[in-house]
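> Let's see this in three dimensions:
(3 chains)
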Amino acid sequence: MTSPAASSAIRTNGLTRTFGAFTAVDHVTFDVRPGEVFGFLGANGAGKTTAIRMLTGLLTPSSGEAWVAGHDVYRESEQIKRDIGYMSQRFSLYDDLTVGENIRLYGGIYDLSRAQIRDRTERILSRLGLSHTAHDAVGALPLGWKQKLALSVALLHEPRIVFLDEPTSGVDPITRRQFWELIYEAAHAGTTVLVTTHYMDEAEYCDRISIMVSGRIEALGSPAELKRDAGASSIDEVFVRLVRPELAGGGGPAK
Amino acid sequence: MSAVSAVRGFARRTSALARAEVLHVVRDKASLVQIIVMPLIQLLVLSNVATFAVKRSPAYFVDFDHSATSRGIVTRFAASDLFDIVGQSASPGAANEAMLRGDATIVVTIPHDFERALTTDKSAPIGLDVNAEKGSAAGIVQSYAAQILTNYSAELGRDIVPTRRNVADGAASEIQPPPQPGAGHIDVRLRSWYNQTLDYKHYMVPGILVALVTMIGTLLTAQNIAREKEMGTLEQLNVTPIGKAEFITAKLLPFWVLGMIDLMLGLVVARLVFGVPMRGSLVLLFASAGLYLVVALAIGLWISTLVETQQQAMFLSFFVIMIYLLMSGLLTPIDSMPHWVQVASLVNPVRHFVSISRAILVKGAGFAEIANPLATLGIFAVGFLTLAIRQYRKRAV
Amino acid sequence: MSALFGLLRKETYHILRDRRTLFVLIFMPIVQVILFGFSIRTDVRDVRMVIVDPTPDATTLEIRDRFAAGGIFRILGVSPTASPLDHLFRTDTAQVALIFEPRFGEHFAAGDPAQLLVITDATEPNTGASRQLYVNAVIQQYESERGRRAGTVQIIPQVRSRFNPTRESTNLFVPGLMAMVLNIIAALMTALSLTREKETGTMEALLVSPLRPWQIIVGKVTPYLGIGFISVLAVLGVAKLVFQVPMEGSLALLLAEGTLFILVALSLGILISARTSSQRVALLAAMMGTMLPTQMLSGFIFPLESMPRPLQWISIVVPARWFVFIARGIMLKGVGLVYLWRETLVLAAMTLLLLVASARSFKVRLQ
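Numbering: from 1, shown residues only, chains lettered A, B, ... in the order given. Have a look, this model is predicted:
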């Protein structure tokens, strides 16, 4: 690859998005290394979802630069889509289609051959222990199974990068653990994972994390680094110090 | 990438999505009702109801003359199946009551000396009070009444002229010139083309079919895409490499097929239940319908880009469809509309398809005769589709 | 009581914020009135006529001139044979054709019957019949002047149009349009609004609040009563301004009856929402239960007397049918309650029935 962002899976530089007078994403600069599990943290409304929408080609930035999988988000947004997977908190799989039909749909959209779709369907379902559900409507499945399935479908076409937007919302702790096992497997296989969450304990599972506050990145680094710099014992504490310094016991925001 | 693999890719992605779309529709009970049950009910009821024919109008007679001639008038009206005598008296008050209550549509008032005036002056007035509450029907009722009276006067003329010769009053009353030598009469033969029985169904049912097909094409498409927007599933598709053209084709194709199926079912009902003629080529009709559906679908797609919720899609679609339908010559002929409406209707795709449908079904027109409106539809199809595709964005700005 | 006002306020904000729906709700009735008024016409004018005259002579020329001069017909052209007719009629270029038989003038002058074939496009029956009558009138006029029938008897009709002197079709649509608008606003929107609360689960929150069930319903439904009223006034206003639709009777009575009709529609909306749990289904039910019957069976466009008996009976349970009758009576005939009490009673009874039915349904839900 000849683009300057070759060494990063994702790279942004001063990425900004405004809606009228409101700045949702404020000159955000960070990069994600290939194969990394990157946690994108922040409170609700901090700008995480907007940032992801810009990186996945759903929203045009107001200013700044960004490259995803080596492609410029302004000019090559459609190429980006071939190299990424996406799982949103609102929706991933169609409730009124069966498991098999959902997989076939996304397989077809991502240009997989019928043989490939067949093989990967089998692989996914047996890995998840859901082989018996191939003909069940997704809507009938419990939430935890749905989420794991959605993640697998996002990875169906073996993308280089996968974006996960609050994938474990509303799911029980055991399922969450299983979910993260899947994430690690994907990362081990070389997939870069960018995951947003507001569960601070999940931050510990990531290689590096960033914390967004009011559209700006106020912290960036590995969980260990951030805890050390803030003199905190948990990422939760780091987060509180950043967002509500007056609530933290002594010391201002770590920088 | 070679052209072949590009086409194959297009086909694969489009068919994957199209198949999912079909499954969605088929599994959604509410959709099925909208697509099959409602149009069917509308077709059945509306075809029976949509008529402006005026038969058996209730008529009330106020007879001040009580002569053979005046009684003759009543008999003529009674004998016609266009009128029903609901009352007769010498009281204008009672007649007025009947009108106010809505019991009589026309009140015929025969004045004093009616017969005498006819015999002496050769002309006499007669009062026709027409209840115009129903608007244009009044005109028809009046015409029918006038026709009966004209025929009656012709009869009377043949009777009275001989009678006049016998009246030797010597007075210098109007002397009618003797019939001019060689003045014949005109034998008028009337032919009603395309609709001998003057059945309103022949006129309305093709139009109703067009309306129903339009509903499927525009309303359902708009609703469907708006629902995906509302639920967030649209975003999931926008994030995939599926192209705009592929997405649009996959979304519109199922509804195109459904529209054609509905048209077919509708035609079967029209033929078997209502006896609507099918004088022209059905193949030509379906080809035109296919083209028209593309326009309707494109409009639905365009509407979906303007709204955020299903409810808005529904309302806006109704609004747009209603405007189109009213100005299409569906209910009443375009020729009767004011000039500016007629001109405006030229940019109305529904108008063209309505006229094509009627031309093919009722008049047995062939390709040459519908070439004009068909070409216009073609231009619209290209135009609206381009507009809709440009309007639809995978990425928000 | 202040809780009720709070709910009313929230509901009103909600409505005002949905600009697109509001736009349609306000503009649709106005546009409908205008379009209906201008497009639903049955005037016969500028009738396109083609003449087939194999042997033109003084007689046929004179007859042709009569038609050209009348102002009703427009002669497109004259052809010696009937061969172009099929094409002309099928493309809707010609609407009437006059076919003189060969040597028409000779026959006429000789005192023999001279045949004239009049072809009219009867696809639209009434227009076809009207055109025939106009043609007949011209011919008869000619005959009475030139032919053997000179000096026959004439019965001259003196026509008076009662209740609608201008015979404008608009006058008869306006009541129906009001009914349509009110159906949408009162029945459809209400049903949607109530089921939306159910769908999002906020209905339960409302039910456990200090608000009594009837207060919830009143709170949610009253804004639509207001909007409905405004829409009716808008429709009447436009109708009056643009089309000079008459208001022979009492406006107050009309508005009162309108309010009664709104109540019927609201009750229907409430009943629908009590029986359905999703917006999509509520929408469909409201469409099939109010809009469609109003369009088809209320008599607002298509006359009730012309419908087949079974449909006439069904129309008895369509509230719009009664309202259209009442509104026409008030607006066009100027009659009052003396004539309309029966129909008013029917509407009142319908409201009562529907309210009882929905109250029953709601109780069941709450158990």
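
> What are the boundaries of the strands in the stretch 101-250 of chain A?
For the stretch 101-250 of chain A, the strands defined by DSSP state E, counting those that start in this stretch cover A:161-165, A:192-197, A:208-213, A:216-221.

> and the last one, what does it pack onto?
To tie it back to what came earlier, the one meant is strand A:216-221. Applying 3 or more CB pairs under 8 Å, 6 or more residues apart in numbering or on different chains; DSSP states H and E, we find strand A:216-221 packed against strand A:22-32, strand A:208-213, helix A:223-230, helix A:235-243. For glycine as for every other residue, the C-beta is placed from the backbone atoms N, C-alpha and C.

> got it, and the second one?
For strand A:192-197, the contact count by 3+ CB pairs under 8 Å, 6+ apart identifies strand A:37-42, helix A:48-55, strand A:161-165, helix A:173-188 as packing neighbours.

> what's the angle between the second one and strand A:161-165?
Right, helix A:48-55. Using axes from the mean of the first three to the mean of the last three CA atoms, to 10 degrees, the inter-axis angle of helix A:48-55 relative to strand A:161-165 is 150 degrees.

> ok, now the longest one?
Angle of helix A:173-188 versus strand A:161-165, following the same axes, to 10 degrees, is 160 degrees.

> Show residues contacting helix A:173-188.
Here helix A:173-188 makes contact (CB atoms under 8 Å, 6 or more residues apart in numbering or on different chains) with A:35-37, A:143-144, A:147-148, A:151-152, A:155, A:162, A:164, A:167-168, A:171, A:193, A:195, A:199, A:202, A:205.

> are any of those residues buried, and which?
The neighbour-count test (16 or more other CB atoms under 10 Å in any protein chain shown) marks A:35-37, A:144, A:147-148, A:151-152, A:155, A:162, A:164, A:167-168, A:171, A:193, A:195, A:199, A:202, A:205 as buried among these.

> count of neighbours near residue C:16?
Neighbours of residue C:16 under the rule other CB atoms under 10 Å in any protein chain shown: 10.

> Residues of the stretch 51-200 of chain A that sit close to chain B?
Residues of the stretch 51-200 of chain A lying close to chain B by CB under 8 Å from any CB of the partner chain are A:53, A:56-60, A:77-78, A:81-82, A:84, A:86, A:88, A:90-92, A:94, A:96-97, A:101, A:104-111.

> Excluding chain neighbours, what is closest to the residue most central in space within chain B?
For chain B, the residue sitting closest to the mean C-alpha position, by CA atoms, centre = their mean, is residue B:331 at 2.8 Å. Excluding the flanking residues, the one nearest residue B:331 by CB to CB, 6 or more residues apart in numbering or on different chains is residue C:40, at 6.2 Å.

> Can you pull the residues of the stretch 201-350 of chain C lying near chain B?
For the stretch 201-350 of chain C, the residues in contact with chain B (CB under 8 Å from any CB) are C:278-281, C:283-284, C:287-288, C:292, C:296-297, C:301-303, C:305-308, C:311, C:328, C:332-333, C:335, C:339.

> Would you mind checking those residues for buried ones?
So, by 16+ other CB under 10 Å, the buried ones in those are C:279-281, C:283-284, C:287-288, C:292, C:296-297, C:301-303, C:305-307, C:311, C:328, C:332-333, C:335, C:339.

> if you look at those residues, which of them are in helices?
C:279, C:280, C:281, C:283, C:284, C:292, C:296, C:297, C:311, C:328, C:339 (DSSP state H).

> nearest to residue B:339, of those residues?
The nearest member of those to residue B:339, counting by CB to CB, is residue C:328 at 29.1 Å.

> could you measure that closest one against residue C:176, distance?
9 Å (CB to CB, to the nearest Å).

> can you tell me the helix or strand for the closest residue to residue B:218 other than its chain neighbours?
The spatially closest residue to residue B:218, leaving aside those adjacent along the chain, is residue B:300, at 4.0 Å (CB to CB, 6+ apart). In this structure, residue B:300 sits in helix B:282-304 according to DSSP states H and E.

> Test for you: state the pLDDT assigned to residue A:29.
Per-residue confidence (pLDDT) for residue A:29: 94.

> Then residue B:360?
95.

> The one 4 residues further on too?
Residue B:364 is assigned a predicted lDDT (pLDDT) of 92.

> List the contacts of it.
Contacts for residue B:364 (CB under 8 Å, 6+ apart) come out as B:279, B:280, C:90.

> Got a quick ChimeraX command for the buried subset of these?
Per 16+ other CB under 10 Å, the buried members of the contacts of residue B:364 correspond to this ChimeraX selection:
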select /B:280 /C:90
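
> Same list, the contacts of residue B:364, but only the ones touching chain A.
Okay, of the contacts of residue B:364, nothing touches chain A (CB under 8 Å from any CB).

> so of the contacts of residue B:364, which ones are in helices?
Judged by DSSP H, helices contain the following of these: residue C:90.

> how about TSV for the contacts of residue B:364, with pLDDT added?
Conversion of those to TSV gives the following (pLDDT from 0 to 100):
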residue	pLDDT
B:279	93
B:280	92
C:90	92
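
> List just the nearest of the contacts of residue B:364 to chain A.
For those, the residue nearest chain A by CB to the nearest CB is residue B:280; the value is 40.9 Å.

> was I right about that closest one contacting residue B:366?
Yes - assessed by CB atoms under 8 Å, residue B:280 is found in contact with residue B:366 at 6.6 Å.

> thinking again about what came up before, the residue nearest to the centre of chain B contacts residue B:51, doesn't it?
No - checked against CB under 8 Å, the pair residue B:331 and residue B:51 is beyond contact range at 10.6 Å.

> Find residues that contact each of those two.
residue B:204.

> For the residue of the stretch 101-250 of chain A found nearest chain B, which non-adjacent residue is closest in space?
Across the stretch 101-250 of chain A, the shortest distance to chain B (CB to the nearest CB) belongs to residue A:108, at 2.4 Å. With sequence-adjacent residues excluded and distances taken as CB to CB, 6+ apart, residue A:108 is closest to residue B:16, at 2.4 Å.

> any idea how far that neighbour is from residue B:155?
Applying CB to CB to residue B:16 and residue B:155 gives a distance of 78 Å.

> Which one of the two is surrounded by more residues?
residue B:16 (23 against 14).

> what's the helix or strand for the closest residue to residue B:149 other than its chain neighbours?
Nearest residue to residue B:149, sequence neighbours excluded (CB to CB, 6+ apart): residue C:155, at 4.6 Å. Secondary structure from DSSP H and E places residue C:155 in strand C:154-162.

> which other helices and strands contact that strand?
Going by 3+ CB pairs under 8 Å, 6+ apart, strand C:154-162 lies up against strand B:123-131, helix B:137-166.

> 10 Å instead?
Judged by 3 or more CB pairs under 10 Å, 6 or more residues apart in numbering or on different chains; DSSP states H and E, strand C:154-162 is in contact with helix B:92-101, strand B:106-110, helix B:114-121, strand B:123-131, helix B:137-166.

> Show me what residue of chain C gets nearest to chain A.
Residue nearest to chain A within chain C (CB to the nearest CB): residue C:280, separated by 13.0 Å.

> Quick one: residues contacting the spatially closest residue to residue C:318 that is not a sequence neighbour.
Excluding its sequence neighbours, the residue lying closest to residue C:318 (CB to CB, 6+ apart) is residue C:293, at 4.5 Å. Taking CB atoms under 10 Å, 6 or more residues apart in numbering or on different chains, we find residue C:293 in contact with B:45, C:183, C:287, C:314, C:315, C:317, C:318, C:319, C:320, C:321.

> So the second one is in contact with residue C:288, correct?
By that I understand residue C:183. No - Residue C:183 is beyond contact range of residue C:288, at 11.7 Å (criterion: CB atoms under 10 Å).

> returning to that earlier point: residues in contact with the residue of the stretch 101-250 of chain A closest to chain B?
A:114, A:117, B:12, B:13, B:14, B:15, B:16, B:17, B:18, B:19, B:20, B:242.

> Could you tell me which of those residues count as buried?
By 16+ other CB under 10 Å, those give A:117, B:12, B:13, B:14, B:16, B:17, B:18, B:19, B:20, B:242 as buried.
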